[in-house]
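Peer 1: okay, predicted coordinates and the sequence, questions at the end:
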Amino acid sequence: MPPTDAARLAALVRAAGAGGTVVFTGAGVSTESGIPDFRSPGGFWTRYAPIGYRDFMADAAMREESWRRGLHTYGAIVAAAPNPAHRAIAAWWRDGLVAGVVTQNIDGLHQRAGLPDMAVVELHGSAHRVQCLACGALYDRPSVQARILNGEAVPPCLVCGGILKATTISFGQPLPPDAVTIAEGLLRRARLCLIVGSSLVVYPAAGLPRLTLAAGGSLAVVNATETHLDGLAALVLREPAGQVLDAAARALGATSDERPP
Ligand code: NAD
């Protein structure tokens, strides 16, 4: 990677000033952690057709299939560790440069890199929690995985018998309104929206970075393949996110590589 690319990214983050950058991430920020994205070769969609919300609700066989897939996909999430891109973003947050992270990811790796929950807006929910769609009871995912492994193909809510679902957002399911409101506020106030590892094709999330542009801020894109916002961005980098963010963090002199145990 040419060193100037990381230096240019560092210069944009520096110019945005204290709390001036909001990072918008997608599945591509986590591929270097070993979690496949949706659309690249080998990604989830090349193996599984997505199960939409309506099908999940209407058909117990779909719920069983969803939990069966989850044994594999959630296993991959649990086995993954934050990579240099997650760590660079967390370091910028600790250094006061990043106001928050708006993520489409469900893997919790930004938090595991050291960001507190309050600094991460999870637009598509989290794979780590499960909720009853009838009474709202919450469960941690490992406890539900354990019930499946013990033979409950479609585990019901232990409180009311209702349908359980991971707190991830399926196609056809609305985004959590609070998360959208917070994300919109962050992106409108951002002087720089740094997009990392998103194809920007899943709406409504993919439309949010335009709020920064509309409010007079600028965009930077770090993504392996083209996005529809490339032509509007101040900087577009095609390098692997971990490599380029790590180099940019070094160029900025981001201090802390301290991570919680
Ligand atoms: P996507 O799969 O549509 O796009 C990922 C993008 O990242 C692609 O354009 C790809 O070229 C790029 N990319 C892959 N590896 C990269 C790397 N190392 N460096 C730079 N760029 C890289 O994902 P999306 O835009 O997030 O949207 C799809 C949906 O996928 C989201 O709703 C998200 O919830 C879900 N998803 C999440 C995870 C996760 O939590 N890790 C994994 C798979 C899918």
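Peer 2: On my side now, so go ahead.
Peer 1: contacts for stretch 187-196, please.
Peer 2: 9, 12-13, 15-17, 20-26, 28-29, 85, 89, 99, 102, 208-209, 211-215, 217-223, 227, 229, 233, 241, 245 (CB atoms under 8 Å, 6 or more residues apart in numbering). Quick note: C-beta positions are derived from backbone N, CA and C, even for glycine.
Peer 1: same check on stretch 151-171?
Peer 2: With CB under 8 Å, 6+ apart, stretch 151-171 has contacts from 50-53, 56-57, 60, 63-64, 67-68, 70, 74, 106, 123-127, 129-135, 137, 139, 141, 144, 147-148, 175-176.
Peer 1: thinking again about what came up before, near the ligand, list only the ones from the contacts of stretch 187-196.
Peer 2: Among these, the residues that sit close to the ligand (CB under 6 Å from any ligand atom) are Gly26, Gly28, Val222, Asn223, Ala241.
Peer 1: okay, and which of the residues you listed map to strands?
Peer 2: Among these, the members falling in strands (DSSP state E) are Val222.
Peer 1: of the ones next to the ligand among the contacts of stretch 187-196, grab the buried ones for PyMOL.
Peer 2: A single PyMOL command selects the buried members of these (16 or more other CB atoms under 10 Å):
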select buried, resi 26+28+222+223+241
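Peer 1: wait, what's in contact with Ile89?
Peer 2: Val23, Thr25, Val98, Val101, His110, Ala113, Leu115, Val196, Leu245.
Peer 1: now these in CSV, with secondary structure, pLDDT and neighbour count?
Peer 2: As requested, the contacts of Ile89 are arranged in CSV below (DSSP: H, G, I helix; E, B strand; the rest coil; pLDDT from 0 to 100; neighbours: other CB atoms under 10 Å):
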residue, secondary structure, pLDDT, neighbour count
Val23, strand, 98, 32
Thr25, strand, 98, 26
Val98, strand, 98, 26
Val101, strand, 98, 29
His110, helix, 98, 29
Ala113, coil, 98, 24
Leu115, coil, 98, 23
Val196, strand, 98, 26
Leu245, helix, 97, 32
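Peer 1: which helix is the longest one in this protein?
Peer 2: helix 60-79 (DSSP state H).
Peer 1: tell me if it is near the ligand.
Peer 2: No - using CB under 6 Å from any ligand atom, helix 60-79 never reaches the ligand; the gap is at least 7.0 Å.
Peer 1: state the next helix or strand along the chain beyond that helix.
Peer 2: helix 84-94 (DSSP states H and E).
Peer 1: among the contacts of stretch 187-196, name the buried ones.
Peer 2: Here, 16+ other CB under 10 Å leaves 9, 12-13, 16, 20-26, 28-29, 85, 89, 99, 102, 208-209, 211-213, 217-223, 227, 229, 233, 241, 245 buried among the contacts of stretch 187-196.
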